[in-house]
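*Asks:* Any chance you can model this:
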Amino acid sequence: MPTQLFPDEDDSLSADPDRDLIDVLRLNLVPGLGPRTYQLLLEHFGSPRAILNASVSKLQGVQNVGPKLAMSIVTNGTEVAAREELAKARAAKVSLFIRETPAYPAALGRIPDPPTVVYCRGTLVEADGLAIGVVGSRHCTAYGRQQTHRLAQSLARMGITVVSGLARGIDAEAHKGALEGGGRTIAVCATGMNTIYPPEHADLAAAVANQGCLLTESPMDQTPKSGLFPQRNRIISGLSLGVVLIEAGRSSGALHTARHAMEQNRDVFAMPGRVDSDASLGCLDLIRDGATLIRNVDDVLSALGPLVAPVKRTPRETVHQPAELVLSDQERAILNLVTTESVAVDDVIRGANIEASRVLSTLTVLEMKRLVRRLPGGFVVRY
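*Replies:* So this is what the prediction gives:
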């Protein structure tokens, strides 16, 4: 029998393996019910089913829920609509992840207003925990396209997943660069999976899904609406360790992503452009106000701090800090012999199977890069 997310519910419903998903979909289909209000409802009532069973008057007792939204929850959150939505997703080979389940992206679960449900075409893997958002203007210059492509390609080759929004301009170049670099990329869409936007990016979207995934919180048939694009930007930053802005003017929507990143305690990076170019003024403002200036992939990785939780890239390699990705093969091999528990230097030498002098010199390099720390008594430990 499947595990219930909300075990206090009626046992007669637990035989349905899709029960929890259907309840969440019912609420996700309610017009005007955003993630923040959903969170307030969940905190008040305890579960999606309790929200659905609440009366209009009780729903209005929750902050941000007025008469119109309360009535919409009662009338629009129907079982039939939710099961039709689930059938559409399965027919399109789209996976659905709801909060508090193992498949839900862990990084998104840590932001203040995570999506109620995530639609995924393609695959999410543990290594996507090492992700960088790359965003910028739709109306970019040749310089912006060139630098975006170069950076995304380098990130992909380093094993970093590139996250962007599938939009024209910088976003498209970020996805293309990651694909050409042979790495993974995630496109966060504002529309539903049945409506690729912009339509000319249908082939690009298919390539992204084949070498990463498309993600959205919007229902399958959701068409483009202006308010959805700023809202999806919090997902781009939420999935990422940090966000790089390349060619964002002062009115660019990409600046919303930077603001979300700051609220989510993510790093914000900006690539400088010409000081007399309107296309770069937003980036230059960010740098002036404290964003980290970056020129290349090394600048990005060296500026990132330790991960919230280690990420296993391969069965033999676990990454604790993104800076580890720029190490040489020998440095990485020695580092992988050191754990977060103290290890004797003699044990590291024995495990390395190379000359002791090379091990000791490599440990010194790793110490200078603040990846390991020497302890009294001949021990070392990871930061």
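*Asks:* C-alpha coordinates for stretch 167-187, PDB please?
*Replies:* Provided in PDB are the C-alpha atoms of stretch 167-187 (Å, rounded to 0.1, in the frame of the first residue of the first chain):
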ATOM      1  CA  ALA A 167      13.000  32.300 -23.600                       C
ATOM      2  CA  ARG A 168      14.500  33.900 -26.700                       C
ATOM      3  CA  GLY A 169      17.900  35.500 -26.500                       C
ATOM      4  CA  ILE A 170      20.200  34.700 -23.500                       C
ATOM      5  CA  ASP A 171      18.000  31.800 -22.200                       C
ATOM      6  CA  ALA A 172      18.100  29.900 -25.500                       C
ATOM      7  CA  GLU A 173      21.900  30.400 -25.800                       C
ATOM      8  CA  ALA A 174      22.300  29.000 -22.300                       C
ATOM      9  CA  HIS A 175      20.400  25.800 -23.200                       C
ATOM     10  CA  LYS A 176      22.300  25.500 -26.500                       C
ATOM     11  CA  GLY A 177      25.700  25.900 -24.900                       C
ATOM     12  CA  ALA A 178      24.900  23.300 -22.300                       C
ATOM     13  CA  LEU A 179      23.700  20.800 -25.000                       C
ATOM     14  CA  GLU A 180      26.800  21.400 -27.100                       C
ATOM     15  CA  GLY A 181      28.900  20.900 -24.000                       C
ATOM     16  CA  GLY A 182      27.500  17.500 -23.500                       C
ATOM     17  CA  GLY A 183      26.000  18.300 -20.100                       C
ATOM     18  CA  ARG A 184      22.600  18.600 -18.600                       C
ATOM     19  CA  THR A 185      20.200  21.500 -18.800                       C
ATOM     20  CA  ILE A 186      16.800  22.300 -17.200                       C
ATOM     21  CA  ALA A 187      14.300  24.600 -18.900                       C
END
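*Asks:* Not counting sequence-adjacent ones, nearest residue to Ser218?
*Replies:* The shortest distance from Ser218 to any non-neighbouring residue, by Cβ to Cβ, 6 or more residues apart in numbering, is to Gly192 (4.7 Å). The C-beta positions use only the backbone N, C-alpha and C, and glycine is treated the same way.
*Asks:* pretty sure the one you found contacts Pro224?
*Replies:* No. Using Cβ atoms under 8 Å, Gly192 is not in contact with Pro224; the gap is 9.8 Å.
*Asks:* Which of those two has more residues huddled nearby?
*Replies:* Gly192 (24 against 15; other Cβ atoms under 10 Å).
*Asks:* how close does the more buried one get to Leu86?
*Replies:* 13 Å (Cβ to Cβ, to the nearest Å).
*Asks:* tell me which residues in the lengthiest helix in the chain are buried?
*Replies:* In terms of residue count, the longest helix belonging to the chain (DSSP state H) is helix 142-157. Within helix 142-157, the residues that qualify as buried are 143-145, 147-149, 151-157, counting by 16 or more other Cβ atoms under 10 Å.
*Asks:* secondary structure element for Ala187?
*Replies:* Ala187 is located in strand 185-188, with elements delineated by DSSP states H and E.
*Asks:* Against which helices or strands is the helix or strand that that strand is followed by packed?
*Replies:* Counting by DSSP H and E, the next helix or strand C-terminal to strand 185-188 is helix 202-210. Here helix 202-210 touches strand 117-122, helix 170-180, strand 185-188, going by 3 or more Cβ pairs under 8 Å, 6 or more residues apart in numbering; DSSP states H and E.
*Asks:* Mind listing what's buried along helix 202-210?
*Replies:* Leu204, Ala205, Ala207, Val208, Ala209.
*Asks:* looking at it, the last one is touching Gly122, isn't it?
*Replies:* Spelled out, it's Ala209. Yes. Under the criterion of Cβ under 8 Å, Ala209 makes contact with Gly122 at 3.9 Å.
*Asks:* which of the helices and strands packed on helix 202-210 is buried the deepest?
*Replies:* Comparing those by mean neighbour count (mean count of other Cβ atoms under 10 Å), strand 185-188 ranks first with a mean of 30.
*Asks:* neighbouring strands for that strand, and are they parallel or not?
*Replies:* Using DSSP bridges, strand 185-188 pairs in its sheet with strand 161-164 (parallel), strand 212-216 (parallel).
*Asks:* Can you say which of these is nearest to Leu284?
*Replies:* Leu284 lies closest to strand 161-164 among the strands paired with strand 185-188, at 21.1 Å (Cβ to Cβ).
*Asks:* Spatially central residue in the protein, please.
*Replies:* Leu239 (1.2 Å; Cα atoms, centre = their mean).
*Asks:* where's the nearest residue to Ala127 once chain neighbours are set aside, which helix or strand?
*Replies:* Excluding the flanking residues, the one nearest Ala127 by Cβ to Cβ, 6+ apart is Arg313, at 5.0 Å. Element membership of Arg313, judged by DSSP H and E, is strand 311-314.
*Asks:* Same check on Lys93?
*Replies:* Secondary structure (DSSP H and E) places Lys93 outside all helices and strands.
*Asks:* Quick check: it touching Cys120?
*Replies:* No. If you go by Cβ under 8 Å, Lys93 and Cys120 don't touch, sitting 10.0 Å apart.
*Asks:* With adjacent residues omitted, what lies nearest to Glu85?
*Replies:* Leu25 (5.3 Å).
*Asks:* same for the strand holding Arg313, what does it pack against?
*Replies:* For strand 311-314, the packing partners by 3+ Cβ pairs under 8 Å, 6+ apart are strand 317-319.
*Asks:* What pLDDT is listed against Leu59?
*Replies:* On the pLDDT scale, Leu59 is placed at 96.
*Asks:* likewise Leu13?
*Replies:* At Leu13, pLDDT is 49.
*Asks:* can you check Val162 too?
*Replies:* The confidence metric pLDDT takes the value 98 at Val162.
*Asks:* That one - how many residues pack around it?
*Replies:* Count around Val162 with other Cβ under 10 Å applied: 31.
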